[in-house]
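[1] Show me how the following folds:
(3 chains)
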Amino acid sequence: MQSQTFRHRVFLFILVAPAFVVLFGVVIYPFFYNIVLSLSNMNLRHIRDWRIIGFGQYVKVFTEPSQPDFYVVFVKTVIWTVVNLFFHVMLGVFLALVLNQKEIRGKAIFRAILVLPWAVPQLIVALTWRGMFNYEYGSINLMLTQWFNLPGVQWLRQPLEAFIAVIITNVWLGFPFMMVIALGALQSIPHDLYEAADIDGASWYHKLRHITIPLIQPVMVPAITLGTIWTFNNLNIVWLVSNAGEPSDQTHLMVSFVYKAAFNFYRYGYGAALSMVIFFILLIFSLTFMRKSKATQNVYS
Amino acid sequence: MVRSKKSTALRVTASYAVLMVFSLIALYPVWQIFNISLRPSNRLLSTSLELIPANASFGNYVALFTERPFLLWMLNSTLVSLTVTLTGVVLASMCGYAFSRFAFIGKKIGLLSLLVTQMFPATMLLLPMYIMLVQLHLINSYLGIVIMYSATALPFCIWQMKGYYDTIPTSLEEAGKIDGCNEFQTFYQIILPLAAPALVITALFSFMAAWTEYVVAAQILQDTELWTLPLGLKSFESNMGSEWGLYGAASVIVTIPVVVLFLSLSRWLVSGLTLGSVKE
Amino acid sequence: MNARAALRAAVGLMSAVIVLTAVITADGCRTSGDDRIRLTIWHQDRIDIRIILQRQLDRFMQTHSGVRVEQLFKETEELRSGFIIAALAGQGPEIVYGPSDQVGPFELMQIILPLEESFPREWLAQFDPKGLTWYKGHLYQVADKLGNHLTLVYNRKLVPVPPASDEDLIRIGKGLTTDLNGDKKTDRYGLTWNYTEPFFFIPFMTGFGGWIMDEAGNPTLNNRGTIDGLKFITRLRDLEKIIPNEADYNVADILFKDGNAGMIINGDWSWAGYQNAGLDIGVAPLPQISSTGLWCAPMVSPKGFSLNANISDEKKALALELIRFLMSEECQMEATRELYTMPTHLGAQQSDFVQRNEILRNSRIQITRGRPLPVIPELRAIWDAMRPSYQAVLAGTMTPERAAEEMQLLALRRIKEMNE
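    Numbering: from 1, shown residues only, chains lettered A, B, ... in the order given. Below you'll find the model as predicted:
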């Protein structure tokens, strides 16, 4: 008995240890370095001779009158995340369901095309979208004016429209990922469950709500949680499509704020503190979300 | 139970329509990039809606291979990405299994810590990461990059594998035990094949993480001979005066392996849970 | 399979991964095992310059067999932040090459070396003083190219004679701006440029008498030049309608390349690209503003070499030799002949080619009329402060007067934040 438990433990260890060694090796040092930096005054004037100053940077993060305003940026980031995730998941799951039907032929072609937004290099596609949003020459306004007789939208010059433009771009970029996850998740549902429901005369809505959605949850929840975190911290798209915050520095997320502080103004201490704040926000979100969706438990239990 | 033929036909037609519409939406910007690669003189944008640009030529594609070490970049990227994929699949499949099946001290914390590693905005990690890699002599080495990429991709893959394993009933392992398999055999021969769809996602995701990553590679790889594709592509870009023609051509070519990989892995995106493996 | 075998299988798999990794790290050792002294130059030059640089480096290596020089391209922003990170960690290239505004932050962080002791005075005297970047009493950068300046580039087919004044500009622009196919949309504009970016606004600020800072480096954005410059640009767009509604760098570029804009305001980096696109271009200095009598003065920046403070003594002598080689008249003229870059070597500047070539002649005039790019680190804060209000004026949500005030306030605040 004892040797069996020991073997069991060893097996467990072999399974888990390598991954965690790599993970923590890579993350722990930068993490603590950042904590120290956030408590320091490292910036242009104190780049080598920085010292710990306590929570001053954190105070600055919350109270310094900044342009744009910290709380506005925070709310914007939340809206950005929620709207993006909503569309990513809706579209992804929807397309996966449609694509998964047995009557569909040519699945391979559709899959290949629908995965393209994920597969294509982000820089050039983001700039292409930016070009598409140009007031006079962009495809979107050209289509609006020529085909639908609607007036052109000042996508990149007005703050709200610019925000919508970056969201549209990111939704386009992000739905394939959720679609692929959902396609995988759908495979875990045994067919006999659907057949039993059919025999009972269940409607498609009923099947969706009581079979499909609960059963794809275990696989979708990690994707949604991590998707939320990634979207919250996604610097690239906002930066590229809005050309670093245009118009007038209004199109910013908290991450681009950090980037500007650290790389444009050399305020490394401040940037570190802001990163920690972002981190805590995401931590609280994740804890709450995980508890709500009981994601650490099994689905059949 | 018989579904009326008409409602099925309606459903199928509507489905095709939906797929076509979304395919067009997905394709259009990508087609623009293809256009960029065909246009002469580095034109990023176009002022018309034409589908094939005027004076289109494949000159950029030729130049890509003859004037730049594109093939070298592809080779480097392939090497790195395949290693990361293999590492990802092996480590995530095992680790996810542990988190799914076993209860152990620190399990909840372990899972949460996976998430935690993702929560940090990467920009602030650059300086300490660089310092750390310098100390470990991993600058300018592929080992450094593989480690970093694995660390980035693993959390999602582990969690995702765990989620998938959670949908496989434990009764299968019990059946395995009755048949005389030990734990590893049960894992390797019974459970893992059933988790094929999750392995597909893990493989694809790990591959993409390595194939497309730029920031870390730019910081670590200092020799142009070691450049991966994203670094090579970036060299076409300058603040004002980017070589968009080459960039477009490179982007098109870089996309192809990903799509090919996805398609070839897709055949494992099938339901593994068959009837009869366990008698309820 | 028993447990021992299972263990072996797991170990086997892991070993496969490790072996693969080892293979590719051996790959990484491709570059070592070569015992020549290695020098690295980091820069942000576009491809045409890179090709010429490589030729010159190859020649250097032929005459110095124990040395290996490599160039690494990094995009401008990354060059700056990448060099800072590497240098702070005690690493980085031996030589970093770029525009002079890098010097400010690098000096403050003490990651570049003063050079006045490293070069004999007679040698330095060979170069245009504008190419030697002195800062806080020390020489931090020696430049082989002078420029990065905006000029008026015009399509000779559409604009036979370039405008000399702003009134000319508007007149010619109006003549060109047409709707060619009757769809009520302007198909061709007289002028286009990346006017949403503050750097590209500077010439008009100076044309109307303003400048971004005083001698002490304090921002002076709230001035008449800013206000009138802003008004001029909105006038071009809204009243005279000779510039497109919205134009960033790429949009302006494509319009000009397609022949849909007669003139573009762009810098010396772009001329060769337009010629390669088959356009017959001319380069002219930016016009004179009639109401002030001042010429539009863009910023001019030298691009040069600085030494990494972490450089070893062994490599330092070699690096200096390399710099002297690349700064030579021969090397400078190589780039000038092909790419029309303005050399800093006085002999090169006096050469026939530079004196006679039309593009270079005009480039020279523009340079003399230009103002040097400030080197101080606070410049970033000023750019950043200008952008929001500037774009608000363009969006129609702020008046030019208010914008000038806001710019100044924001600049002061940013500078304060940077220097805490």
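[2] nearest residue to residue A:11 other than its sequence neighbours?
    Spatial nearest neighbour of residue A:11, excluding adjacent residues (Cβ to Cβ, 6 or more residues apart in numbering or on different chains): residue B:183 at 5.6 Å. In this view, the C-beta of every residue, glycine as well, is placed from N, C-alpha and C.
[3] Can you verify my assumption that that neighbour contacts residue A:12?
    No: if you go by Cβ atoms under 8 Å, residue B:183 and residue A:12 don't touch, sitting 9.3 Å apart.
[4] in the stretch 1-150 of chain B, which spans are helices?
    Using DSSP state H, counting those that start in this stretch, the helices of the stretch 1-150 of chain B run over B:5-38, B:59-67, B:70-101, B:107-116, B:122-135, B:142-166.
[5] any chance of those helices in a markdown table, plus mean pLDDT and distance to residue A:176?
    Formatted as a markdown table, these follow (pLDDT from 0 to 100; distance: least, Cβ to Cβ, whole Å):
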| stretch | mean pLDDT | distance to residue A:176 |
| --- | --- | --- |
| helix B:5-38 | 91 | 7 |
| helix B:59-67 | 91 | 25 |
| helix B:70-101 | 91 | 18 |
| helix B:107-116 | 81 | 23 |
| helix B:122-135 | 81 | 22 |
| helix B:142-166 | 88 | 15 |
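[6] Quickly compare the ones you listed and say which is most buried.
    Ranked by mean neighbour count under mean count of other Cβ atoms under 10 Å in any protein chain shown, the helices of the stretch 1-150 of chain B are led by helix B:142-166, which reaches a mean of 26.
[7] Off-centre distance for that one?
    Taking Cα atoms, centre = their mean, to the nearest Å, one finds the center of helix B:142-166 at 11 Å from the center of the full chain.
[8] is chain A contacted by that helix?
    Yes: using Cβ under 8 Å from any Cβ of the partner chain, helix B:142-166 reaches chain A at B:147-148, B:150-151, B:154-156, B:158-160, B:162-164, B:166.
[9] how many degrees apart are that helix and helix B:70-101 in direction?
    Helix B:142-166 runs at 40 degrees relative to helix B:70-101, counting by axes from the mean of the first three to the mean of the last three Cα atoms, to 10 degrees.
[10] Which other helices and strands does helix B:142-166 contact?
    helix A:2-38, helix A:159-186, helix A:213-232, helix B:70-101, helix B:107-116, helix B:196-212, helix B:215-220, helix C:3-28 (3 or more Cβ pairs under 8 Å, 6 or more residues apart in numbering or on different chains; DSSP states H and E).
[11] rerun that using 7 Å as the cut-off
    Packing partners of helix B:142-166 (3 or more Cβ pairs under 7 Å, 6 or more residues apart in numbering or on different chains; DSSP states H and E): helix A:2-38, helix A:213-232, helix B:70-101, helix B:107-116, helix B:196-212, helix B:215-220, helix C:3-28.
[12] how about residue C:318, what does it touch?
    Residue C:318 makes contact with C:37, C:39, C:67, according to Cβ atoms under 7 Å, 6 or more residues apart in numbering or on different chains.
[13] Out of these, which comes closest to chain B?
    Checking the contacts of residue C:318 against chain B by Cβ to the nearest Cβ gives residue C:39 as the nearest, at 12.7 Å.
[14] is it true that that closest one touches residue C:94?
    Yes: the pair residue C:39 and residue C:94 passes the contact test of Cβ atoms under 7 Å, sitting 4.9 Å apart.
[15] Report the set of residues contacting both of the two.
    C:315, C:319.
[16] mind giving me the domain ranges of chain C?
    C:35-147+C:301-372, C:150-297+C:378-418 (automatic domain parsing).
[17] ok, the last one near chain A or not?
    Yes: applying Cβ under 7 Å from any Cβ of the partner chain, one finds that domain C:150-297+C:378-418 is in contact with chain A at C:244-246, C:248, C:250-251, C:380-381, C:384, C:387-388, C:391-392, C:394-395, C:410, C:414, C:417-418.
[18] Now list the buried members of those.
    The neighbour count (16 or more other Cβ atoms under 10 Å in any protein chain shown) marks C:244-246, C:248, C:250-251, C:380-381, C:384, C:387-388, C:391-392, C:394-395, C:410, C:414, C:417-418 as buried among the residues of domain C:150-297+C:378-418 next to chain A.
[19] Which SSE is immediately downstream of the worst-scoring helix or strand of chain A on mean pLDDT?
    In chain A, the helix or strand scored least confidently by mean pLDDT, DSSP states H and E is helix A:2-38, which has a mean of 78. Of the helices and strands lying after helix A:2-38 in sequence (DSSP states H and E), the nearest is helix A:56-63.
[20] Would you mark the buried spots in that following helix?
    A:56, A:57, A:58, A:60, A:61.
[21] residue contacts, residue C:130?
    Counted by Cβ under 7 Å, 6+ apart, residue C:130 has contacts C:146, C:302, C:372.
[22] Can you select the buried ones among those for me in ChimeraX?
    Buried members of the contacts of residue C:130, defined by 16+ other Cβ under 10 Å, are picked up in ChimeraX with:
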select /C:146,302
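[23] If you count contacts, what does the helix or strand in which residue A:88 is found end up packed against?
    Element membership for residue A:88 (DSSP H and E) is helix A:70-100. The contact analysis (3+ Cβ pairs under 7 Å, 6+ apart) places helix A:70-100 against helix A:107-119, helix A:159-186, helix A:213-232, helix A:254-259, helix B:5-38.
[24] How much space separates the residue nearest in space to the middle of chain A from chain B?
    Taking Cα atoms, centre = their mean, the centroid of chain A lies closest to residue A:231, which sits 2.2 Å from it. Distance of residue A:231 to chain B, computed by Cβ to the nearest Cβ, to the nearest Å: 11 Å.
[25] re earlier: now distance to chain C too, for the helices and strands packed on helix A:70-100, in a markdown table please.
    Putting those into a markdown table (distance: least, Cβ to the nearest Cβ, whole Å) gives the following:
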| stretch | distance to chain C |
| --- | --- |
| helix A:107-119 | 21 |
| helix A:159-186 | 9 |
| helix A:213-232 | 22 |
| helix A:254-259 | 10 |
| helix B:5-38 | 11 |
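[26] hey, which of the helices and strands packed on helix B:142-166 is tucked in deepest?
    helix B:196-212 (a mean of 25).
[27] my guess is residue C:407 contacts residue C:384, does it?
    No: look at residue C:407 against residue C:384 with Cβ under 7 Å: they stay out of range, at 10.0 Å.
[28] In JSON lines, list the domains of chain C along with mean pLDDT and distance to residue A:104.
    Shown next, in JSON lines, are the domains of chain C (pLDDT from 0 to 100; distance: least, Cβ to Cβ, whole Å):
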{"stretch": "domain C:35-147+C:301-372", "mean pLDDT": "92", "distance to residue A:104": "44"}
{"stretch": "domain C:150-297+C:378-418", "mean pLDDT": "90", "distance to residue A:104": "39"}
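[29] To residue B:217, which of those domains lies closest?
    Residue B:217 sits nearest to domain C:35-147+C:301-372 of all the domains of chain C, at 11.9 Å, using Cβ to Cβ.
[30] So what's the gap between that closest one and the chain middle?
    On Cα atoms, centre = their mean, the centre of domain C:35-147+C:301-372 falls 13 Å from that of its chain.
[31] start to end distance for it?
    42 Å (Cα to Cα, to the nearest Å).
[32] contacting residues for the residue of the stretch 151-300 of chain C found nearest chain B?
    Going by Cβ to the nearest Cβ, chain B is nearest to residue C:277 of the stretch 151-300 of chain C, at 3.7 Å. Taking Cβ under 7 Å, 6+ apart, we find residue C:277 in contact with B:41, C:257.
[33] Ramachandran angles for it?
    With angles defined as degrees, to the nearest 10, residue C:277 sits at phi -80, psi 0.
[34] mind checking how far it is from residue C:419?
    As judged by Cβ to Cβ, to the nearest Å, residue C:277 and residue C:419 stand 45 Å apart.
[35] likewise residue B:140?
    In terms of Cβ to Cβ, residue B:140 sits 35 Å off from residue C:419.
[36] now do residue C:101
    Counting by Cβ to Cβ - residue C:101 and residue C:419 are separated by 17 Å.
[37] Brilliant, that's me finished.
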